[in-house]
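Asks: Here is a sequence with its predicted model. Questions after.
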Amino acid sequence: MAVISSEKSDAIQEIFSRSKAVIGVIHCEAFPGSPKYRGAPVSDIIDRALRDAENYLAGGVHGLIVENHGDIPFSKPEDIGPETAAFMAVITEKIRSRFGVPLGINVLANAAIPALATALAGGADFIRVNQWANAYVANEGLIEGAAAKALRYRSQLRAEHIRVFADSHVKHGSHAIVADRSIPELTRDVEFFEADAVIATGQRTGDSATLSEIDEIRSATSLPLLVGSGVTPGNVCEILGRTQGVIVASALKRDGVWWNEVELARVKHFMNVAKAVLEEE
């Protein structure tokens, strides 16, 4: 494999102290200012996030990502108000203080700079950025890669300890703009622009990347690889056998839908199945 960026330490090992990790997603309810917010006290939003975190961790996951998924439809990065980062930072700090586990931040859509601010204020270890390099046409419109501005902002904050997990061939959009570049090339672009880990996804939330796409991405990068959607008890072992981690939410929620609460029994079952691969470390 050709060297295309400076050698990096293993972000999964450094953050999670293990070679493979299962990461649960806290899908925060709608924040004030978003279309689905109906006046609930902010304390209720925080309590729901803490309950979901507790069930994830009681079930055995290794870390969490805090995400503003209730803010549908998502704004472009430049249209996201400062209140979003403020609410997410408060929730993140409360989760960190209570549970002391590895934490990530994903501010939708593709808001790397608010995510970095949230991560630093809340004590998170990494951010997830869906479009780190290149560009694509998303549900929100044209979304451009965030790497150049985000890394400069991270330097300004002296926050180089916050790692970047970036999607390759990201879900929820069309890649016609870069249709002349293969998935391995798009993956190499993510690594070249200094991401610390790569995430493979399916077409939308709850839809898994195919094994062939996972293998294509794996062949193109030496960075840790995770699968970021559609992981279930039925495919987790096969996926973890090819990757260094999974990011999971829908399969661990009541009725298997992302907006419901996390069910402890589902988490325990998932982790019990995954144990077969995790214990091979």
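Replies: Arrived safely. Given the structure is predicted, the values throughout are model-derived calculations rather than measurements.
Asks: Give the buried residues for stretch 250-264.
Replies: Neighbour counts over stretch 250-264 (16 or more other Cβ atoms under 10 Å) mark 250, 251, 252, 253, 258, 262, 263 as buried. In short, each C-beta sits where N, CA and C put it, glycine included.
Asks: What mean pLDDT does it get?
Replies: For stretch 250-264, mean pLDDT is 96.
Asks: end-to-end on it?
Replies: 13 Å (Cα to Cα, to the nearest Å).
Asks: quick one: contacts of that stretch?
Replies: Stretch 250-264 is contacted from outside by 24, 27, 48, 51-52, 55-56, 58-59, 69-70, 205-206, 229-233, 249, 266-267, 270, using Cβ atoms under 8 Å, 6 or more residues apart in numbering.
Asks: try it again with 6 Å
Replies: 27, 52, 55-56, 58-59, 205-206, 232, 249, 266-267, 270 (Cβ atoms under 6 Å, 6 or more residues apart in numbering).
Asks: Next, the contact list for residue 275, please.
Replies: Here residue 275 is in contact with no residue (Cβ under 6 Å, 6+ apart).
Asks: pretty sure residue 43 is in a helix, no?
Replies: Yes. Judged by DSSP: H, G, I helix; E, B strand; the rest coil, residue 43 forms part of a helix.
Asks: what about it, how many neighbours?
Replies: Residues lying near residue 43 (other Cβ atoms under 10 Å) number 8.
Asks: please begin residue numbering at 334 from this point
Replies: Fine by me, first position is 334 from now on; the one you just mentioned is residue 376.
Asks: Give me the nearest residue to residue 503, chain neighbours excluded.
Replies: residue 463 (4.5 Å; Cβ to Cβ, 6 or more residues apart in numbering).
Asks: Against residue 530, how distant is the one you found?
Replies: 13 Å (Cβ to Cβ, to the nearest Å).
Asks: got the contact list for the residue nearest to residue 503?
Replies: Residue 463 neighbours (Cβ under 6 Å, 6+ apart): 443, 500, 503.
Asks: quick check, nearest of those to residue 415?
Replies: residue 443 (16.9 Å; Cβ to Cβ).
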